[in-house]
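Peer 1: here is my input, please return the structure:
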Amino acid sequence: MMQKLGKADETKDIAFEEDVANFNKQMAEGTKLQRDLKAYLDAVKSMHECSKRLQGCLADIYDPDWYGKDELNNITENTDVLWGDFHQNLLESALNSVDKYMAQFPEIKARIAKRDRKLVDFDSARHHFASIQKSKKKDEAKIAKAEEDLGKSQKVYEEIKYNLQEELPSLWNSRVGLYMTTFQSLAQLEEIFHSELGKLNQNLCDIIANREQQQNKNATMKAPENSQVAANHNITAESEGDINKSPSKTAATLVTNGGSNIELPPEVLYKVKVIHDYAGTDSDELDLKAGDIVFVMPFVSPDEQ
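Peer 2: Reported below is the predicted structural model:
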């Protein structure tokens, strides 16, 4: 209080005050690094969980008989392991080092505060000793006691100060190595992780692309078959009544086989192939031989159709 009122002098140590200022700056920077690094690891853990759920969703909806099902399951498992290793390596190579580094600061901060208190005690003892010496009435016992107290307070103060003067500059310089090592490890781990993840993703893309090609190929192969069935069905349905009207027509079979009626003359409904010999019994019936091709035409009169 006397020092604050300007009635007592205060010991100044400019070099030490600079060390303390650097310490406070270093502690603030380290605290921010530690906080942001923890947030980064939390984000990696969250991404791991999201990736795991999404990969699991893909594995569930990918039918067992689809192309590359086993390979896809392996990719899902390997991706999960890769994320887990990435998080663990970040924890061991980066965050743990920062945590150990930051663990020094509370104890040193407490010693700096103690040094400040002992400095006040030292200045107080020094001021008290000076006052007794200046008094007109000399009391040797009080002077001796004040001198002893001054010596004790000075010893305690200088011992704490000396240790801090040795540690603070060394601690200040150590930040460079920690920062460089931390971010170098972080960069290397990220590079390895993204490289391996990229390979897995490329394999996954290849599997999905092959599955898509297989699907397109199957669709292309089924399309002509469906068209052929539809064409034959339509021709059979349209011609069934006409074939049943004449015995000679029961001896023939349709020969379109998926072919197009566009190749036939416009007046021809369709063509059939005779499957066995047939001798006409009426004047309006034809004599047919097996293998003959017959063009079927509509009746001239619609009433006779």
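Peer 1: can you list the low-confidence ranges for this structure?
Peer 2: Applying pLDDT under 70 to the chain flags residues 1-9, 217-263, 300-305.
Peer 1: and the strands in it?
Peer 2: For the chain, the strands defined by DSSP state E cover 252-254, 270-274, 293-296.
Peer 1: and those strands: which comes nearest residue 170?
Peer 2: Judged by Cβ to Cβ, the one of the strands of the chain that comes nearest to residue 170 is strand 252-254, at 100.2 Å. From N, CA and C alone the C-beta is placed, and that goes for glycine too.
Peer 1: thinking again about what came up before, deepest of the strands of the chain, which one?
Peer 2: Of all the strands of the chain, strand 270-274 carries the top mean neighbour count, a mean of 19, counting by mean count of other Cβ atoms under 10 Å.
Peer 1: on that earlier part again, in a markdown table, list the strands of the chain along with distance to residue 128.
Peer 2: Below are the strands of the chain laid out as a markdown table (distance: least, Cβ to Cβ, whole Å):
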| stretch | distance to residue 128 |
| --- | --- |
| strand 252-254 | 128 |
| strand 270-274 | 129 |
| strand 293-296 | 135 |
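Peer 1: which one of these lies nearest to residue 158?
Peer 2: strand 252-254 (117.2 Å).
Peer 1: which stretches of the protein form helices?
Peer 2: Using DSSP state H, the helices of the chain run over residues 14-61, 69-90, 96-102, 105-134, 140-245.
Peer 1: dump these to a markdown table, plus mean neighbour count and distance to residue 265.
Peer 2: Below are these laid out as a markdown table (neighbours: other Cβ atoms under 10 Å; distance: least, Cβ to Cβ, whole Å):
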| stretch | mean neighbour count | distance to residue 265 |
| --- | --- | --- |
| helix 14-61 | 14 | 54 |
| helix 69-90 | 16 | 54 |
| helix 96-102 | 15 | 89 |
| helix 105-134 | 16 | 101 |
| helix 140-245 | 13 | 16 |
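Peer 1: which one of these lies closest to residue 276?
Peer 2: When the helices of the chain are compared for distance to residue 276 using Cβ to Cβ, the nearest one is helix 140-245, at 14.4 Å.
Peer 1: now the closest one and strand 270-274, what's the angle there?
Peer 2: If you take axes from the mean of the first three to the mean of the last three Cα atoms, to 10 degrees, helix 140-245 sits at 70 degrees to strand 270-274.
Peer 1: just list what helix 140-245 packs against, helices and strands only.
Peer 2: helix 14-61, helix 69-90, helix 96-102, helix 105-134, strand 252-254 (3 or more Cβ pairs under 8 Å, 6 or more residues apart in numbering; DSSP states H and E).
Peer 1: any chance of the ones you listed in a markdown table, plus distance to residue 275?
Peer 2: Listed next are the helices and strands packed on helix 140-245 as a markdown table, based on distance: least, Cβ to Cβ, whole Å:
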| stretch | distance to residue 275 |
| --- | --- |
| helix 14-61 | 51 |
| helix 69-90 | 48 |
| helix 96-102 | 88 |
| helix 105-134 | 101 |
| strand 252-254 | 5 |
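Peer 1: who wins for proximity to residue 173 among the ones you listed?
Peer 2: Of these, the one closest to residue 173 (Cβ to Cβ) turns out to be helix 14-61, at 9.8 Å.
Peer 1: wait, residue 181 touches residue 97, no?
Peer 2: Yes - Residue 181 is within contact range of residue 97, at 6.8 Å (criterion: Cβ atoms under 8 Å).
Peer 1: returning to what we had before: okay, the helices of the chain in JSON lines with distance to residue 296 next?
Peer 2: Below are the helices of the chain laid out as JSON lines (distance: least, Cβ to Cβ, whole Å):
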{"stretch": "helix 14-61", "distance to residue 296": "52"}
{"stretch": "helix 69-90", "distance to residue 296": "52"}
{"stretch": "helix 96-102", "distance to residue 296": "89"}
{"stretch": "helix 105-134", "distance to residue 296": "101"}
{"stretch": "helix 140-245", "distance to residue 296": "7"}
